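Novice: Predicted model, plus sequence, below.
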Amino acid sequence: MMDSQENTLGQEKTEELNVAPADNSVQTNTDNAPTACEEAATAQEGAAGAEAVDAGNDTPEPKKVYKNKKEIIERLKEITQSGEDPQKDEVEYLKTTFYKLHFAEREAAMKAYLESGGDPDNYKVTPDEDENEFKAEMSVIKEKRAKIFLEQEKEKQENLKKKLDIIEKIKAMVTSPEEANKSYQEFKKLQLEWREIKLVPAEKANELWRNYQLYVEQYYDLLKLNNEAREYDFKKNLEIKTHLCEAAEKLADESDVISAFHQLQKLHQEYRETGPVAKELREEIWARFKAASTVINKRHQQHFEELRSKEEENLAKKTALCEKVEEIAKEEIKNAGEWDKKTKEIIAIQAEWKTIGFAPQKMNVKIFERFRAACDDFFGHKAEFFKDLKQRFAENAEKKKALVEQAQALQDSTDWKATSDKLVALQKEWKTIGMVPKKLGDKLWSDFLTACNHFFDARNNANAGTRTEERANLEKKREIIGQLKALADNAEENIQEKVRELVDQYNAVGHVPFKEKDNVYKEYHDILDRLYKELNITMARRRLDKFRSNLKSVAEKGTDALDNERARLMRRYESLKQEVQTYENNIGFLNASSKKGNSLIDEMNRKVQKLKDDMNLVREKIKAIDAESNE
């Protein structure tokens, strides 16, 4: 209801400014007795007011910049407590600016909460007391504007009646030619009264002005004003209009385009309220005033065209950012690292958004709501992902706690063989369990490792007599490592079989001293990695050559045979790719602060490399099939 009233009010004001002048167009010297008649002002001068208002009259002046919500609320209080009419443009601007700051504060609070490690599921929006106060003031303003609108409508109807009465009185004077000179003072009073009456209904304004002008001109035609009085009036009006022309011409140097335009409106109001000049000068003086007005109006129009163009550019930029965020929100993100990367991209886009100015008023709130919805969609999906991840962490933590309890229950056992097997089994099971949060994971691993080491240290102390055997085993393993290094440096035929034999021999050797086992383990696996890498390359090349040689026979079975083989290889490739992603994701959560952690990471890296080699071989086979199909 209030919005429709405001729109109607603004429309009526604009229409009234664009009608022909509603005041007297002739001003005479009331100090001299009227002795002669002179024609009324030309229609050209009478239309001065019609050109006084440019099409951009309803364009808002540059907006004040509000730093915070308190300043906006204070301005609203000033409006509600003052007697001024609340302007719709300003009220809408205050509303848009307030909620922009309101949403920015809410997003900043959520961002700070998340960056400090807060749980997205537990985040709650804090009630904003400023918003409640803002809404209360806005409600008062709406009531105030509704009341003002009704009062103005009532006043317009009353003004319409008064002006119609004035027209009827002047009309009566026109019908009594013999009384024209005697009624001149009363006529001037009616003109003054007419000027003092302001707003009337917009739909009646033009007709009202035409009737008024018609009878005013007819009255002047009947006057028997003397030439001296008439010439005095013309001279006085010429001086006033010349001054108005000069003032309008000076406005071309005004740096503030908006201020110049509004000053021009006041000059036009004065011009149309000033009476006519001598007939031979009317066209000249009006042309001068009109020319000066045209300069200001063109500058004003150009200013807002540039402003609208800039706002359209801003809208295009903001639309592009919305599309970027929407595309990111649609992506399927599978690990925490990728979520972190995409989150940084979103934050960068949000920072860029803040550097862009306002979009056109009718789209400014809509484009912001679209951008905010896209960001909310992204962070909503992120919250769901980490909620699921948190659940998996909790399940993994419970499994590892159970293993810790089992290891601690076994740490004081003296059944060396059986307990060793059980602890080794627990360690293997530990490796199959997924990640947990680092702080808790470190604690659980430390407890688990302490329990295992407690038992194995006790077992080693109890089996001190086995150290000689372990030293001998150490020498055997180092000898085998030496042979593996020799094979790597001097490749021979059947190297794969020789490597396998040495690996079997190595695995058959018993335990080595505890302090040496990590060093010999690393040395052994380093040389194996080197050999396997070379062997994998050689074997992969042989397997690919063999595959290519068999393609001819497969192709002879028909196109479907090649297509089926390609489809099988694509499924194999995707399966390997998924395994690599799983391993790499798990490696990212491993704690490598201990020797055990390092060993597990090394082992998983070897598996990843082997999988990548297999992927490369499958990819080459697919290329071979494509090449065969194109021949």
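Specialist: That came through fine.
Novice: can you give me how far the helix or strand where residue 243 lies is from the chain middle?
Specialist: Under the criterion of DSSP states H and E, residue 243 resides in helix 227-250. Centre-to-centre, helix 227-250 and its host chain are 58 Å apart (Cα atoms, centre = their mean, to the nearest Å).
Novice: just stretch 77-92 next, same as before
Specialist: That offset, for stretch 77-92, works out to 30 Å (Cα atoms, centre = their mean).
Novice: From the opening residue of that stretch to its closing one, how far?
Specialist: Stretch 77-92 has an end-to-end distance of 15 Å (Cα to Cα, to the nearest Å).
Novice: Identify each buried residue in the helix or strand that contains residue 187, please.
Specialist: Assigned by DSSP H and E, residue 187 belongs to helix 184-196. Buried positions in helix 184-196, judged by neighbour count with 16 or more other Cβ atoms under 10 Å: 184, 187, 190-191, 194. For every residue, glycine as well, the C-beta is placed using N, CA and C.
Novice: Which one of those is nearest to residue 394?
Specialist: Distance to residue 394 across those (Cβ to Cβ) is lowest for residue 194, with 84.7 Å.
Novice: Which residue comes closest to that closest one once chain neighbours are left out?
Specialist: Leaving aside its chain neighbours, residue 194 sits nearest to residue 166 (5.3 Å; criterion: Cβ to Cβ, 6 or more residues apart in numbering).
Novice: before we move on, which element is the one you found in?
Specialist: helix 129-174.
Novice: which other helices and strands contact that helix?
Specialist: helix 2-17, helix 69-81, helix 88-115, helix 184-196, helix 202-222 (3 or more Cβ pairs under 8 Å, 6 or more residues apart in numbering; DSSP states H and E).
Novice: Distance from the chain centre to the helix holding residue 187, please.
Specialist: Using Cα atoms, centre = their mean, the offset of helix 184-196 from its chain centre is 60 Å.
Novice: now the buried residues of helix 184-196 in TSV, with distance to residue 147 and pLDDT?
Specialist: Converted to TSV, these look like this (distance: Cβ to Cβ, whole Å; pLDDT from 0 to 100):
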residue	distance to residue 147	pLDDT
184	42	78
187	38	85
190	32	90
191	33	87
194	28	90
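Novice: Let me have those in TSV, extended by distance to residue 294.
Specialist: Listed next are the buried residues of helix 184-196 as TSV, based on distance: Cβ to Cβ, whole Å:
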residue	distance to residue 294
184	37
187	35
190	34
191	29
194	29
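Novice: low-scoring stretches of the stretch 1-150 of the chain, by residue?
Specialist: 1-62, 83 (pLDDT under 70).
Novice: Next: the stretch 451-600 of the chain.
Specialist: 463-466, 491-494, 532-559, 589-600.
Novice: about what we covered before: the helix holding residue 187 - contacts with which helices or strands?
Specialist: helix 129-174, helix 202-222.
Novice: Closest to the geometric centre of this structure, which residue is that? Let me know.
Specialist: Against the mean C-alpha coordinate of the chain, by Cα atoms, centre = their mean, the closest residue is residue 371 at 4.2 Å.
Novice: mind checking the SS state of the spatially closest residue to that one that is not a sequence neighbour?
Specialist: The spatially closest residue to residue 371, leaving aside those adjacent along the chain, is residue 322, at 5.0 Å (Cβ to Cβ, 6+ apart). Following DSSP: H, G, I helix; E, B strand; the rest coil, the label given to residue 322 is helix.
Novice: looking at the helices and strands packed on helix 129-174, which is closest to residue 359?
Specialist: Across the helices and strands packed on helix 129-174, closest to residue 359 is helix 88-115 (Cβ to Cβ), at 10.8 Å.
Novice: Could you check the closest one and say which residues are buried?
Specialist: Quick answer for helix 88-115 (16+ other Cβ under 10 Å): 88, 90-91, 93-102, 110, 114.
Novice: now do stretch 378-386
Specialist: Neighbour-count burial for stretch 378-386, counted by 16+ other Cβ under 10 Å, picks out 378-379, 381-382, 385-386.
Novice: Among the residues you listed, which lie within strands?
Specialist: Among the buried residues of stretch 378-386, DSSP state E puts none in strands.
Novice: element containing the residue nearest to the centre of the chain?
Specialist: helix 361-410.
Novice: what separates residue 568 from residue 187, distance-wise?
Specialist: 106 Å (Cβ to Cβ, to the nearest Å).
Novice: could you list every residue that touches residue 525?
Specialist: 602, 606 (Cβ atoms under 8 Å, 6 or more residues apart in numbering).
Novice: ditto for residue 509
Specialist: 473, 476-477, 480.
Novice: which among the residues you listed gets closest to residue 296?
Specialist: Once Cβ to Cβ is applied, the member of the contacts of residue 509 that ends up nearest residue 296 is residue 477, at 97.5 Å.
Novice: What lies in contact with stretch 350-367?
Specialist: Residues from elsewhere that reach stretch 350-367 (Cβ under 8 Å, 6+ apart): 92, 96, 99, 107, 308, 310-312, 314-315, 317-319, 321-322, 371, 375.
Novice: which of those count as buried?
Specialist: So, by 16+ other Cβ under 10 Å, the buried ones in the contacts of stretch 350-367 are 96, 99, 311, 314-315, 317-318, 321-322, 371, 375.
Novice: Taking those together, which two end up most distant?
Specialist: Between any two of the buried ones among the contacts of stretch 350-367 (Cβ to Cβ), the greatest distance is 22.2 Å, for 311 and 375.
Novice: Now do the buried residues in stretch 73-86.
Specialist: 73, 75-76, 79-80, 86.
Novice: ok, back up a step: how much space separates the residue nearest to residue 194 from residue 193?
Specialist: The value you get for residue 166 to residue 193, if Cβ to Cβ is used, is 6 Å.
Novice: ok, now residue 115?
Specialist: Relative to residue 193, and taking Cβ to Cβ, residue 115 is found at 70 Å.
Novice: can you check residue 451 too?
Specialist: 106 Å.
Novice: With residue 578 instead?
Specialist: Distance from residue 578 to residue 193, by Cβ to Cβ: 91 Å.
Novice: what does residue 125 give?
Specialist: For residue 125, the distance to residue 193 - Cβ to Cβ - is 60 Å.
Novice: and residue 237, what does it touch?
Specialist: 27, 274-277.
Novice: Of these, which pair is most distant in space?
Specialist: Across the contacts of residue 237, the longest distance by Cβ to Cβ is 10.5 Å; it joins 27 and 277.
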